[in-house]
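In: pasting the structure only:
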Ligand SMILES: [Zn+2]
């Protein structure tokens, strides 16, 4: 019979996204094989991230500062709007974009009662001074499309160009998991909406 302590560790890993029983078991055994110093490093990294990171007041990405470095140093004529901070990481990996980001922390879903006021849309509107283009980079799923249409309706009348990532990311696909080339193309071939 499996030790209760081991089962507890495996169960803890299983709570992570995309980790099944097999991977969770591998991670648990790996931890046991590590030196105490290595384990402590891992624990410190987790605890530090959890204790220190919070949302940037401007863009909604994670930062240890009040306003993140990106918001301070970016080209402020373009804002790339994403659903979650993890989508920002996907764009950061391709390295082709120098503008601002804005995480909405969700997308519209009227059936679930998620309306504009539940998302960081008011915060987005308050950042548009001097912005010439808003790139809506929500996922190509129902909520992402609905949110893009909604944002275009309220932002275009302000005289600001609104664009949408080009197709290439399959319908229902996720930006977070898109490969770099696909994301690069989707960004450079973006279309006005
Ligand atoms: Zn920021």
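Out: That came in fine, so what should we check first? If you're wondering where the values come from, they're calculated on a predicted model, not measured in any experiment.

In: show me the contacts for residue 53.
Out: By CB atoms under 8 Å, 6 or more residues apart in numbering, the contact list for residue 53 reads 62, 63, 64. Just so you know, the C-beta spots here come from the backbone N, C-alpha and C atoms, and that holds for glycine as well.

In: How much space separates it from residue 44?
Out: With distances taken as CB to CB, to the nearest Å, residue 53 is found 14 Å from residue 44.

In: and the protein, which residues reach the ion?
Out: Where proximity means CB under 5 Å from the ion, the interface of the chain facing the ion comprises 56, 58, 59, 68, 71.

In: May I have the phi/psi pair for the fourth one?
Out: Main-chain torsions, residue 68, degrees, to the nearest 10: phi -70, psi 160.

In: Relative to residue 16, how far out is the residue lying closest to it once chain neighbours are set aside?
Out: On the basis of CB to CB, 6 or more residues apart in numbering, the spatially nearest residue to residue 68 that is not a chain neighbour turns out to be residue 56, at 4.0 Å. For residue 56, the distance to residue 16 under the criterion CB to CB works out to 24 Å.

In: Repeat that for residue 164.
Out: Here the criterion is CB to CB. By it, residue 164 lies 32 Å from residue 16.

In: When the two are compared, which one has more neighbours?
Out: Comparing residue 164 with residue 16 by other CB atoms under 10 Å, the one with more neighbours is residue 164, at 22 against 10.

In: hey, what's the more buried one bridged with?
Out: Applying DSSP bridges to residue 164 gives these bridge partners: residue 136, residue 191.

In: hang on, the earlier thing: most neighbours of all the residues of the chain next to the ion, which one?
Out: Among the residues of the chain next to the ion, the one with the most neighbours (other CB under 10 Å) is residue 59, at 27 neighbours.

In: give the contact list for residue 19.
Out: 13, 27.

In: Does it belong to a helix, a strand or coil?
Out: Three states are possible here, and by DSSP: H, G, I helix; E, B strand; the rest coil the one that applies to residue 19 is coil.
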